[in-house]
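1. the amino acid sequence is not available; the structure is as follows:
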């Protein structure tokens with residue numbers, strides 16, 4: 001059950017130990033709780049840590065307003081997972097060639113496809129074509145990125161984004177990936193955050209990054225149009241990558257079958273009803289955990305991940321954490337860990353073990369076991385996974 005601290009206009013409900021929170025994170029949460037549009041309370045997930053404007057791991061319901069910083073820069077970022085018919089006994093002793101095949105099929109980091117690979121997908125092509133036709137409805141400033149929009153569909157990106165091959169406790173193979181709306185999502189977010197900061201009603205805010213758009217205004221409508229477009233782009237990007245990932249597995253194991261995918265956003269806005277009223281809910285580093293809904297909560301690249309089923313807890317606005325959450329910044333992690341540290345922390349996982357990704361070292365993240373303990377009233381665990389391959393940008 002959550003603890004409560006005073007947030008100013010509304011309380012802050014914590015599924016994390018208050019003494020574990022960074023001072024800056026508490027300041028950010030109190031700044032959000034002082035906004036006049038926030039409804040009921042601010043819900044704080046156990047993976048909470050400092051973000052831009054609003055903390056990562058917070059759920060905010062607003063009346064007639066939305067704050068782009070409460071969504072995050074990577075609009076629509078989220079997870080997908082698929083259970084396969086394979087088991088551990090089917091996998092070779094060395095997984096290096098399988099990792100290389102995944103990296104060849106799905107560009108990582110800043111790389112992109114040479115040609116629009118979405119056109120090769122008969123299942124997704126109509127939906128993607130319809131989405132890209134609506135690109136002209138977005139702000140003219142982003143139209144010059146249209147080529148990149150096409151070529152980055154089906155790509156992973158960098159940072160904490162990943163593709164994994166995992167085993168559950170029964171030795172069954174799962175596929176899992178984490179990615180978002182790539183360059184275009186960030187470009188749209190930055191543009192609208194800048195536009196919101198210039199609006200008159202945001203002049204007296206405690207943090208200019210918490211600027212909001214008000215419902216019923218042209219700026220609100222423009223942001224919502226861009227937001228929903230980017231959320232759909234992110235979801236289709238994950239679907240396309242999942243198709244390509246399944247194709248890689250079929251090339252190596254032709255008789256493999258796949259169960260339906262589990263998918264969830266964790267940086268997004270949804271129009272929902274809570275405590276008897278319609279509100280705009282922003283989940284920044286949080287998944288929806290409505291009663292019976294399946295979700296994904298990953299650990300670090302050396303820890304467990306979990307498939308979960310939501311309990312529909314109203315006090316969290318039917319939400320749960322999106323992962324373990326960082327316990328140290330990327331800059332601090334790069335100072336604290338070496339490539340040897342990374343290799344030790346990812347022992348038994350086929351992955352990059354070089355200096356380029358030490359900021360993703362498992363010890364830079366919180367303990368996922370403790371995070372799960374802190375949200376037992378939000379979700380129940382359906383499956384426990386451990387990666388054997390991890391692809392990072």
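-> Structure received. None of the values given here were measured: they were computed from a predicted structure. Numbers count the residues shown, from 1 in each chain.

2. what's residue 285 sitting at in phi/psi?
-> When quoted as degrees, to the nearest 10, the phi and psi of residue 285 stand at phi 70, psi 40.

3. now it: closest residue in space that isn't a chain neighbour?
-> Leaving aside its sequence neighbours, residue 285 sits nearest to residue 56 (CB to CB, 6 or more residues apart in numbering; 3.7 Å). Quick note: C-beta positions are derived from backbone N, CA and C, even for glycine.

4. so that neighbour is in contact with residue 284, correct?
-> Yes: contact criterion CB atoms under 8 Å: residue 56 and residue 284 qualify, at 5.9 Å.

5. which neighbours do the two share?
-> Common contact partners of residue 56 and residue 284 (CB atoms under 8 Å, 6 or more residues apart in numbering): residue 72.

6. of those two, which one has the most company?
-> In this comparison of residue 56 against residue 284, neighbours counted by other CB atoms under 10 Å, the higher total goes to residue 284 at 29 against 24.

7. leaving out the residues flanking it, which one is nearest to that one?
-> residue 72 is the one closest to residue 284 (CB to CB, 6+ apart), at 4.7 Å.

8. surely that neighbour is in a helix?
-> No: using DSSP: H, G, I helix; E, B strand; the rest coil, the secondary structure at residue 72 is coil, not a helix.

9. contacts only, for it.
-> By CB under 8 Å, 6+ apart, the residues touching residue 72 are 51-52, 56, 189, 267, 284-285.

10. now swap in residue 171 and tell me
-> Applying CB under 8 Å, 6+ apart, we find residue 171 in contact with 87-89.

11. if we go to 6 Å?
-> Shown in contact with residue 171 (CB atoms under 6 Å, 6 or more residues apart in numbering): 87-88.

12. now it: how far from residue 294?
-> Using CB to CB, to the nearest Å, residue 171 is found at 21 Å from residue 294.

13. cool, and residue 169?
-> For residue 169, the distance to residue 294 - CB to CB - is 17 Å.

14. ok, those two, which is more surrounded?
-> A direct count of neighbours by other CB under 10 Å for residue 169 and residue 294 places residue 294 higher, at 18 against 10.

15. what's opposite the closest residue to that one other than its chain neighbours in the beta bridge?
-> Nearest residue to residue 294, sequence neighbours excluded (CB to CB, 6+ apart): residue 262, at 4.8 Å. Legend: beta-bridge partners of residue 262 under DSSP bridges are residue 81.

16. give me the pLDDT value at residue 262.
-> Looking at residue 262, its pLDDT stands at 98.

17. that one and residue 311, how far apart?
-> Residue 262 is 17 Å from residue 311, by CB to CB.

18. over to residue 171?
-> 28 Å.

19. do a quick rundown of the strands in the stretch 201-350 of the chain.
-> 213-214, 262-265, 267-274, 277-284, 286-288, 294-297, 304-310, 319-321 (DSSP state E, counting those that start in this stretch).

20. what angle sits between the fourth one and strand 267-274?
-> Between strand 277-284 and strand 267-274, the angle comes out at 160 degrees (axes from the mean of the first three to the mean of the last three CA atoms, to 10 degrees).

21. given strand 277-284, what are its sheet partners and their directions?
-> With DSSP bridges as the test, strand 277-284 is paired with strand 56-62 (antiparallel), strand 267-274 (antiparallel).

22. buried residues, the longest one. List them.
-> Spelled out, that is strand 267-274. 267-269, 274 (16 or more other CB atoms under 10 Å).

23. one more: the shortest one?
-> Within strand 56-62, the residues that qualify as buried are 56-62, counting by 16+ other CB under 10 Å.

24. name the nearest of those relative to residue 225.
-> Residue 225 lies nearest to residue 62 out of the buried residues of strand 56-62, by CB to CB, at 17.9 Å.
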